[in-house]
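[1] Let me see the structure of the following:
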Amino acid sequence: MLGAEIQATIGAVRRTDGGLRQWCASVTHSFDDREEAMPANSPMQSLYSRLSQQGLKKSFVKSLLPDWWEDEIARDPSGLLQAQLILARSLNFDLASLRDTAATVRFQSAHRKFKHSKAVDKDSIRLSAEYATGMAKLAVQAMSTEYVSPPSDPTQLRANILKGRPQVDLDALLDFCFASGIPVLHIGSLPGKKMDAVAVKQNGRAAIVLSRNAAPAYLLFHLAHEIGHIALGHLGDADGTLIDAELKAAGGGDADEREADSFAIYLLNGSNVKYTSNSRYLDAQALAYGAARLGAEKRIDPGHIVLNYGFAANNFPLANRALSFLKNCGGPGAVNAKLTSNLDWDELSDDQASLLTRAVATKT
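    Predicted structure coming up:
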């Protein structure tokens, strides 16, 4: 019965934006004579309450609904379904559990791998991971480029990229991903605690979500690490998500993490290297200068050399200061600019496109 009801009304999502606005305006108009504040037992208040039990703030839930949305629209069953469809898609919820007011709201069934340290509680990043997964699925839907899985040999991939690039930097890896049919998103605003990155498998395709508002050198390593997970088959054959809560410059974690770290190091450097210095008093400016010189010689991103050194020396404060002396091109804005220009937005409904656009809007 529920499935039939959903199928009968799901066409609302496919309407044009103007049609939706007119329909919602007519529904809202029928409630003009009612009190402005919705009663505690109204459909939307009930939905907000159930979602709050999952740790979602009402303000975040409302931010996912279209600009034209008014809670009074949900008094009409079709309007309520519209909101439930949008929220289910955004947060990767099982729609039937949202529709059944007596049920506990559940996430969609899928294989998930959480990669986290003892200091990170899996439940604390669950909401953020599911939201990132929902947005990644939309990006996959709008990715018309044929999907080609990355080669499992990172040195082969590095050689292929260097045929047309001076070094394997963030811009080069982004271009590789989109040319391979792998959308890459940066989502800075999440409903829960941030993770570093997420790799998603959906309908035989892969997508990557980055979330740290960090210097390009950090995003470069995170992206290379996630490409490693995809190339090495860590996501498996079925739909699923691999969540990396916290990534360092290299090392640690289980076998999958060590393999993805090694893949990233070989991809970015061409060998398994840790950068060191003979100087006991290396300052940030000298580190940046040395990294720029070595990077030009070895075709390695200087920012990565700096972070690699910071990890090997256990001195990230010095590495972060050194990054400020380098020309840091890219960052979250560059990631999402590539996404925007590479997606086929006609593959998304107006509501879907709005959801994805707001998710990747660069926050300053």
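
[2] For residue 306, list the residues it contacts.
    Listed by C-beta atoms under 8 Å, 6 or more residues apart in numbering, the contact set of residue 306 reads 217, 287, 288, 291, 319, 322, 323, 326. No exception for glycine: its C-beta is placed from N, CA and C like everyone else's.

[3] Could you look up the SS state of it?
    Three-state assignment for residue 306 (DSSP: H, G, I helix; E, B strand; the rest coil): helix.

[4] any low-confidence regions in this protein?
    1-40, 109-110, 115-121, 247-253, 362-364 (pLDDT under 70).

[5] domains of it?
    2-99, 111-271+331-359, 273-328 (automatic domain parsing).

[6] Just give the nearest non-adjacent residue to residue 46, would you?
    In space, and not counting its chain neighbours, residue 46 is closest to residue 101: 6.4 Å by C-beta to C-beta, 6 or more residues apart in numbering.

[7] what's the answer for residue 111, then?
    Per C-beta to C-beta, 6+ apart, closest to residue 111 is residue 240, 3.3 Å.

[8] can you pull up the bridge partners for that neighbour?
    Partner residues in beta bridges with residue 240, using DSSP bridges, are residue 111, residue 201.

[9] that older thread, what count of nearby residues applies to the residue nearest to residue 46?
    When neighbours are counted by other C-beta atoms under 10 Å, residue 101 registers 10.

[10] Please name the residues that touch the closest residue to residue 151 other than its chain neighbours.
    Of all residues not flanking residue 151 in the chain, residue 157 sits nearest, at 5.2 Å (C-beta to C-beta, 6+ apart). Shown in contact with residue 157 (C-beta under 8 Å, 6+ apart): 150, 151, 176, 227, 231, 267.

[11] In terms of helices and strands, where is residue 157?
    Element membership of residue 157, judged by DSSP states H and E, is helix 154-162.

[12] now swap in residue 199 and tell me
    Using DSSP H and E, residue 199 falls in strand 197-202.

[13] Equivalent analysis for residue 207, please.
    Going by DSSP H and E, residue 207 is part of strand 205-210.

[14] returning to that earlier point: identify each buried residue in the helix holding residue 157, please.
    By 16 or more other C-beta atoms under 10 Å, the buried positions in helix 154-162 come out as 154, 157, 158, 161.

[15] One more: stretch 340-358?
    Buried residues in stretch 340-358 (16+ other C-beta under 10 Å): 342, 343, 348, 349, 350, 351, 352, 353, 354, 355, 356.

[16] Repeat that for stretch 320-328.
    Quick answer for stretch 320-328 (16+ other C-beta under 10 Å): 320, 321, 322, 323, 325, 326.

[17] ok, the residues you listed vs residue 295, which is closest?
    residue 326 (9.1 Å; C-beta to C-beta).

[18] Could you find the closest non-adjacent residue to residue 216?
    residue 330 (4.0 Å).

[19] number of nearby residues for the one you found?
    19.

[20] Numbering from 387 from now on, please.
    Yes, from this point I'll number from 387; that puts the last item at residue 716.

[21] backbone phi and psi for it, please?
    The phi/psi pair for residue 716 (degrees, to the nearest 10) reads phi 100, psi -150.

[22] likewise residue 714?
    phi -90, psi 90.

[23] How about the contacts made by it?
    601, 602, 603, 689.

[24] Which of the residues you listed fall in helices?
    602, 603, 689 (DSSP state H).

[25] I figured the first one hits residue 689, correct?
    Read that as residue 602. Yes - counting by C-beta atoms under 8 Å, residue 602 touches residue 689, with 6.1 Å between them.

[26] Those two - which one has more neighbours?
    Taking other C-beta under 10 Å, residue 602 and residue 689 do not tie; residue 689 has more neighbours (29 against 24).

[27] From residue 485, how far off is that one?
    Distance, residue 689 to residue 485, using C-beta to C-beta, to the nearest Å: 48 Å.

[28] Double-check residue 526 against residue 587; I have them as touching.
    No - the criterion here is C-beta under 8 Å, and residue 526 misses it with residue 587 at 9.1 Å.

[29] Just give me the residue closest to the centre of this protein.
    residue 595 (2.5 Å; C-alpha atoms, centre = their mean).

[30] Please consider this matter closed, and thank you.
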